[in-house]
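In: Dropping a prediction and its sequence here:
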Amino acid sequence: MIDKIERNSQRALAGIKDGMTVMIGGFGGAGQPTHLIDALIACDVGELTVINNNAGNGETGLAALLLAGRVRKIVCSFPRQVDSQVFDRLYREKRLELELVPQGNLAERIRAAGAGIGAFFSPTGFGTELAKGRETRRIDGRDYVLEFPLTADFALISAFKGDRLGNLTYRKTARNFGPVMAMAARVTVAEVQGVVPVGELDPEVIVTPGIFVQKVVPVSQDLA
């Protein structure tokens, strides 16, 4: 019987090693898998490349991972905000490498990896420093920059409900990058607010099918 439920967060992350690339879902705090991030910190791995929308808030969640010194490089679209002091300090001290990617390109590069697309042209960033040294092309009178997919060894995401097969649903804006990241990574671990029996999730509302999920970690049974 297929059962992807793992109630120990650290065991769910078994296999993450130094130097790996890890996608972490969330748009700011919305949909950020904070329990899995805490477990990742406890795993004592380092030199990670992290792909995320932003670079953390305050000193919790993703910012705590940076503060622990586990990240070598971050790929994101929104690194600086009023409470991104951890990123600011590490970047200014040259202890953290940044690859800045426009948000639309970030989402599409992740989606392209999951869809098996080798590369694509985007007009976003053309004529800016972000396009420096990159291949460009004019198509129908418009200039484009060649973009490549973003893949990862692991994706850590947060969902609303899940079942033992790994099927997932999301809640409102917490959905954000979770679905595309689940498709782009070799191993996807999802923390969920609650586990429901197989068959309870309407197939019409399942956003991420279980084929893209290897581990489901329940963190609460409150599904209100």
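Out: Happy to help now that I have it.
In: Going by C-alpha atoms from here, please, whenever you check contacts or count neighbours.
Out: Fine.
In: which residues in the protein form strands?
Out: Counting by DSSP state E, the segments of the chain that form strands are 21-24, 48-51, 71-76, 97-100, 120-122, 136-139, 142-147, 152-162, 168-169, 185-195, 215-218.
In: Just send these back as JSON lines, with distance to residue 129 and mean neighbour count too.
Out: Putting the strands of the chain into JSON lines (distance: least, C-alpha to C-alpha, whole Å; neighbours: other C-alpha atoms under 10 Å) gives the following:
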{"stretch": "strand 21-24", "distance to residue 129": "25", "mean neighbour count": "26"}
{"stretch": "strand 48-51", "distance to residue 129": "20", "mean neighbour count": "24"}
{"stretch": "strand 71-76", "distance to residue 129": "16", "mean neighbour count": "21"}
{"stretch": "strand 97-100", "distance to residue 129": "10", "mean neighbour count": "15"}
{"stretch": "strand 120-122", "distance to residue 129": "15", "mean neighbour count": "17"}
{"stretch": "strand 136-139", "distance to residue 129": "13", "mean neighbour count": "14"}
{"stretch": "strand 142-147", "distance to residue 129": "12", "mean neighbour count": "17"}
{"stretch": "strand 152-162", "distance to residue 129": "25", "mean neighbour count": "26"}
{"stretch": "strand 168-169", "distance to residue 129": "38", "mean neighbour count": "26"}
{"stretch": "strand 185-195", "distance to residue 129": "28", "mean neighbour count": "24"}
{"stretch": "strand 215-218", "distance to residue 129": "39", "mean neighbour count": "28"}
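In: To residue 204, which of these lies closest?
Out: Among the strands of the chain, strand 168-169 comes nearest to residue 204, with 10.2 Å by C-alpha to C-alpha.
In: What is that closest one packed up against?
Out: On a contact count with 3 or more C-alpha pairs under 8 Å, 6 or more residues apart in numbering; DSSP states H and E, strand 168-169 meets strand 152-162.
In: list the contacts for residue 85?
Out: 57-58 (C-alpha atoms under 8 Å, 6 or more residues apart in numbering).
In: Could you pull out the buried residues of the longest helix along the chain?
Out: Assignment by DSSP state H gives helix 103-115 as the longest helix of the chain. For helix 103-115, the neighbour count (16 or more other C-alpha atoms under 10 Å) marks 105-114 as buried.
In: Nearest to residue 26 among the residues you listed?
Out: residue 107 (12.0 Å).
In: give the contact list for the closest one.
Out: By C-alpha under 8 Å, 6+ apart, the contact list for residue 107 reads 177, 180.
In: Relative to residue 216, how far out is it?
Out: Going from residue 107 to residue 216 by C-alpha to C-alpha, to the nearest Å gives 23 Å.
In: what's the closest residue in space to residue 211 that isn't next to it in sequence sitting at in phi/psi?
Out: Spatial nearest neighbour of residue 211, excluding adjacent residues (C-alpha to C-alpha, 6 or more residues apart in numbering): residue 166 at 7.2 Å. Phi and psi for residue 166, reported as degrees, to the nearest 10, are phi 100, psi 0.
In: re earlier: can you get me the centre-to-centre distance for the longest helix of the chain and its chain?
Out: In terms of C-alpha atoms, centre = their mean, to the nearest Å, the gap separating the centre of helix 103-115 from the centre of its chain is 11 Å.
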